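In: below: sequence and its predicted model.
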Amino acid sequence: MRHGRYRFVASFLAVPLVLYTVFVVSPYAQAFYIALTSWNGFTAPKYVGFANFTKMFHDDLFWKAVQHNLFLLIALPLVTVVIALFLSFMLNVAGRSRGGVRTGVWGSKFYRVVFFFPQLLALAIIGVLFQQIMRPDESGAINGPLHLIGIGPVGFLTNPTIAMWSLVGVLVWQAVGFYVVLFSAGMSNIPQEIYEAADLDGAGRFNMFFRVTLPLLFDTIQVAWVYLGIAAFDAFALVQVLTVEQGGPDGATTVLANEVFKHYLRQAGYAAAIGVALFFLTLTFAALTIRLSRRERIDF
Amino acid sequence: MSLSPENQDTVEASPFGKSGLDRRTMLRRAAAASLVAVPGLGLLDACATGGSGGSTPTSGGGAKSKDNPLGVDPKAPLEVIIFAGGYKDKYATDIHVPMYKKAFPNADVKESSTQEISTTLQPRFSGGTPPDVVDNSGTKSMDFGTLVDGGQLQDLTELWDAPSVDDANKKVRDTIQAGTIEIGLYSGKPFVFNYVSTVYGLWYNAKLWASKGWQPASTWTDFVALLDKIKGAGITPIGYAGANASYYMYRVILTSAAKIGGADLLKSIDNLEANAWTNDAVHKAAEAWGSLSKYSDKSFLGLKHTEVQLKQNQDKVAIYPSGNWLESEQKDNTPATFEYAMMPEPAVTTSDKLPATSLYLAAGEPFFVSAKGKNPKGGMEYFRRMLSKEGAQGFTKTTGSLTVVMGASEGLDLPPGLKSSSKAAAAAGSNSFYYLFDSWYNDTLEKELRSATNELFYQGGNADKFVARMQKKADAIKADSSIKKFTR
């Protein structure tokens, strides 16, 4: 009874499909319409064509936000993946070979748990936490000790040139633990025989990493890259909680999601236009990643 | 990846009455509202823009009488939402709601409080089921411009013309501080009722100053000399919190501008007039205050208001610009060696148009009644009770803040900071002023001014950049037809 089976499958899919349409597809579609209107959330929306987009292209803060999102898109995955790869290599492979089984450095089980801690905290909590850590006076957790040895306070969040890097630092700190776990899982899938063979051929840790681990881990890294790229287009909560004047000083840390949030209460049409821009940026990123990372799979 | 704080449902069940608005009823109501608002439409039409039709008042009112001049239906329920900020909501639950219930024992009054007015209430306004009385205050308040635009606010003319609770021969409008009604005018109609009388100025520790022999200054030369003395004593002379409270500082700059060039200057700024910012008085004020950045600490740019205020309580900062809620806000952190006092901003030039005693005095904490709510008359009656002597004194006692009700604080034993600020207000007499652009253009001009002020004071900016930047933004807003304009 093939027919009955389809009905069975369809009945399972119906509920999620309806939910998806109502709560995901429909708001997206509406945002496209709202972006073409002048609407403040209370009166009926008025169709204004592409006026919101023209305004957006002349808005300095919009361009700043785009720049910051692109900066995050490059910096966040790069830094996170490099650190996470290094750490998971140290935790899983870099130790001595015991009876032919490669293990991590001493204490790696303990470190693995510690690295994962930040992942358990909500971003809002991390924001508040780092506000105190990066506080620009002698009460700050970093500036306090600096003050004692006579180094002037560092404006982690107040200096416009440093603020964006501080943001990246916090995002990396939060994300790294998860990717250490992800890469560890990937590494444990790599057969021991390959390492053994490399060992016999006299490969050191360096060659072991770059010639064995990295190529065989490529699929996992690719997944990590996509996840982190998506996170880079968000960053909303952290900017909102952590930074000076929610995206400042003077727009130095604002991101697109923040610009949407800032305007949606009074100029919902304009906010939707920025949202549409964000949508297309994310879509472009996803398409590019899929295209660029097409590669033959290595099965083992 | 994780929760953002904006998504939290912060409506708390009220300790008052058994029918406090809890989360479940909220959800149920929201669901019901969306069903009512969009009957029989397809999925894609059940959209955010569909529910703005609103409902009509269900309570037409009852018979008018001496005790009920507005003709409130004595049985109609009333829903009150209070912003749980610095004033908390005890004044409503302990004073005003019981007063209303005493007058109308059969009315079911629900009070709830939130710190996120717009997050909690905007969907209800869009959905046509707004609460009756809203204390629309705080960073997350709803924009009055858009509320007025949407016809959401009840015209309060009837309230202002009604007889006062204390004296039936006096209209309510004659029992309150001058300018209270004017500040709540939108497009010429009194939509908003501001309850709290707020005096703004420069705050200092009277006990510390007495022990050091420092005197409040009224001229600029004296003021700078004072700052030098304070700096010599190893205390940061002046500062504000750049991270979230730069508007305390721009109020100081604009207060000085008004003193130099007259109060009409603030009107021209509100009205987005050409060259309102590039005006010489604004430039002079920005230059004067900007030059004081060497008396502050650049790291304050990254601090929040609570952090700088705490520093002041620890005598690490001498002068802090704020309003007269400061004393009660800091009550828990103020040591016995600290006694709040307030001075007006000193005269910047020797030829200021207004006297040095003039100051920024505003009716604040805006309340409104929903025009599309169920019981608009009850809402106005609730305001009338708030404006009685009993209601006003109860508020002052619970919150330590003054109300716009004239003479209501007589006979009350006020704390020293409040006493000092009401003295300053009395000395200013009719020389007081305010601006409204900060609520009219809150997401545009106001945000720009925050950044511009931080740039001027903490990031090495100057007066030329400051006025040019603000004028550019004001001109852009004026040219943008999608932003609703106001004039006064």
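Out: Now that the structure is in, tell me what you want to look at. Small disclaimer: the values here were computed from a predicted structure and weren't measured. Numbers count the residues shown, from 1 in each chain, chains lettered A, B, ... in the order given.
In: surely residue B:151 is within a helix?
Out: No. With DSSP: H, G, I helix; E, B strand; the rest coil as the criterion, residue B:151 is assigned coil and is not in a helix.
In: that one and residue B:189: what is the separation?
Out: 11 Å (Cβ to Cβ, to the nearest Å). From N, CA and C alone the C-beta is placed, and that goes for glycine too.
In: which SSE is residue B:457 in?
Out: According to DSSP states H and E, residue B:457 maps onto helix B:445-458.
In: packing partners of that helix?
Out: Counting contacts by 3 or more Cβ pairs under 8 Å, 6 or more residues apart in numbering or on different chains; DSSP states H and E, helix B:445-458 is packed against helix B:246-261, helix B:280-290, helix B:437-440, helix B:463-479.
In: which residues touch it?
Out: Contact with helix B:445-458 is made by A:158, A:244-245, A:248-251, A:262, B:240, B:242, B:246-247, B:249-250, B:253, B:286, B:289-290, B:292-293, B:296, B:298, B:300-301, B:437-439, B:461-463, B:465-466, B:469-470, B:473-474, B:477, as judged by Cβ atoms under 8 Å, 6 or more residues apart in numbering or on different chains.
In: ok so, going back, looking at the helices and strands packed on helix B:445-458, spot the one closest to chain A.
Out: For chain A, the closest of the helices and strands packed on helix B:445-458 is helix B:246-261, at 7.2 Å, according to Cβ to the nearest Cβ.
In: just send the helices and strands packed on helix B:445-458 back as CSV, with distance to chain A and mean pLDDT too.
Out: Shown next, in CSV, are these (distance: least, Cβ to the nearest Cβ, whole Å; pLDDT from 0 to 100):
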stretch, distance to chain A, mean pLDDT
helix B:246-261, 7, 92
helix B:280-290, 15, 92
helix B:437-440, 10, 84
helix B:463-479, 9, 91
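In: just send these back as a markdown table, with mean neighbour count too.
Out: Output for those, formatted as a markdown table (neighbours: other Cβ atoms under 10 Å in any protein chain shown):
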| stretch | mean neighbour count |
| --- | --- |
| helix B:246-261 | 25 |
| helix B:280-290 | 21 |
| helix B:437-440 | 20 |
| helix B:463-479 | 18 |
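In: so what's residue 175 up against?
Out: In the absence of a named chain, this looks at chain A. Residue A:175 is in contact with A:76, A:80, A:119, A:228, A:231, counting by Cβ under 8 Å, 6+ apart.
In: that's the other chain; I wanted chain B
Out: Residue B:175 neighbours (Cβ under 8 Å, 6+ apart): B:164, B:166, B:167, B:387, B:405, B:406.
In: mind checking the SS state of residue B:200?
Out: Assigned by three-state DSSP, the conformation of residue B:200 is strand.
In: could you tell me how many residues sit around the spatially closest residue to it that is not a sequence neighbour?
Out: Excluding the flanking residues, the one nearest residue B:200 by Cβ to Cβ, 6 or more residues apart in numbering or on different chains is residue B:360, at 4.1 Å. Around residue B:360 there are 25 other residues, counting by other Cβ atoms under 10 Å in any protein chain shown.
In: next one, pLDDT for the nearest residue to residue A:34 once chain neighbours are set aside please.
Out: Once flanking residues are discounted, residue A:34 sits nearest to residue A:272: 3.9 Å by Cβ to Cβ, 6+ apart. Confidence at residue A:272, expressed as pLDDT, is 91.
In: what of residue B:14?
Out: Note on residue B:14: pLDDT of 33.
In: tell me the one of the contacts of residue B:175 nearest chain A?
Out: Taking Cβ to the nearest Cβ as the measure, chain A lies nearest residue B:387 of these, at 27.7 Å.
In: and residue B:164, its phi and psi?
Out: Per-residue torsions, residue B:164: phi -70, psi 150 (degrees, to the nearest 10).
In: my bad, should have said residue B:359
Out: phi -150, psi 170.
In: bridged to it, which residues?
Out: Beta bridges link residue B:359 to residue B:432 when assigned by DSSP bridges.
In: need the pLDDT of it.
Out: Per-residue pLDDT puts residue B:359 at 90.
In: what's around it, how many residues?
Out: Residues lying near residue B:359 (other Cβ under 10 Å) number 26.
In: what's the distance between it and chain A?
Out: Shown here: residue B:359 relative to chain A, a distance of 26 Å by Cβ to the nearest Cβ, to the nearest Å.
In: what's residue 225 in contact with, if anything?
Out: Picked chain A for this. A:77, A:81, A:289, A:293.
In: hmm, I had chain B in mind actually
Out: Taking Cβ under 8 Å, 6+ apart as the test, what residue B:225 contacts is residue B:217.
In: do that again at 10 Å, thanks
Out: With contacts defined as Cβ atoms under 10 Å, 6 or more residues apart in numbering or on different chains, residue B:225 is in contact with B:217, B:219.
In: surely residue A:37 meets residue A:50?
Out: No. At 11.1 Å, residue A:37 does not count as touching residue A:50 under the criterion of Cβ atoms under 10 Å.
In: quick check: pLDDT value at residue B:200.
Out: 92.
In: what about it, neighbour count?
Out: The burial count for residue B:200: 27, using other Cβ under 10 Å.
In: my guess is it contacts residue B:343, does it?
Out: No. With contacts counted by Cβ under 10 Å, residue B:200 stays clear of residue B:343, the gap being 11.3 Å.
In: who touches both of these two?
Out: Residues touching both residue B:200 and residue B:343 (Cβ under 10 Å, 6+ apart) are B:359, B:421, B:424.
In: just put those in a markdown table and tack on distance to residue B:208.
Out: Formatted as a markdown table, those follow (distance: Cβ to Cβ, whole Å):
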| residue | distance to residue B:208 |
| --- | --- |
| B:359 | 22 |
| B:421 | 18 |
| B:424 | 19 |
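In: one step back: what about chain B: which of the contacts of residue A:175 touch it?
Out: Restricting the contacts of residue A:175 to those touching chain B (Cβ under 10 Å from any Cβ of the partner chain) yields A:119, A:231.
In: among the contacts of residue A:175, who's most crowded?
Out: Busiest of the contacts of residue A:175 [other Cβ under 10 Å] is residue A:80, holding 26 neighbours.
In: check contacts around it.
Out: Shown in contact with residue A:80 (Cβ under 10 Å, 6+ apart): A:168, A:171-176, A:178-180, A:224-225, A:227-228, A:231-232.
In: how far does the strand or helix carrying residue A:165 sit from the chain's center?
Out: Using DSSP H and E, residue A:165 sits within helix A:160-188. Taking Cα atoms, centre = their mean, to the nearest Å, the mean C-alpha location of helix A:160-188 is offset from the chain mean by 8 Å.
In: tell me the first helix or strand C-terminal of it.
Out: Moving toward the C-terminus from helix A:160-188, the next element (DSSP H and E) is helix A:192-200.
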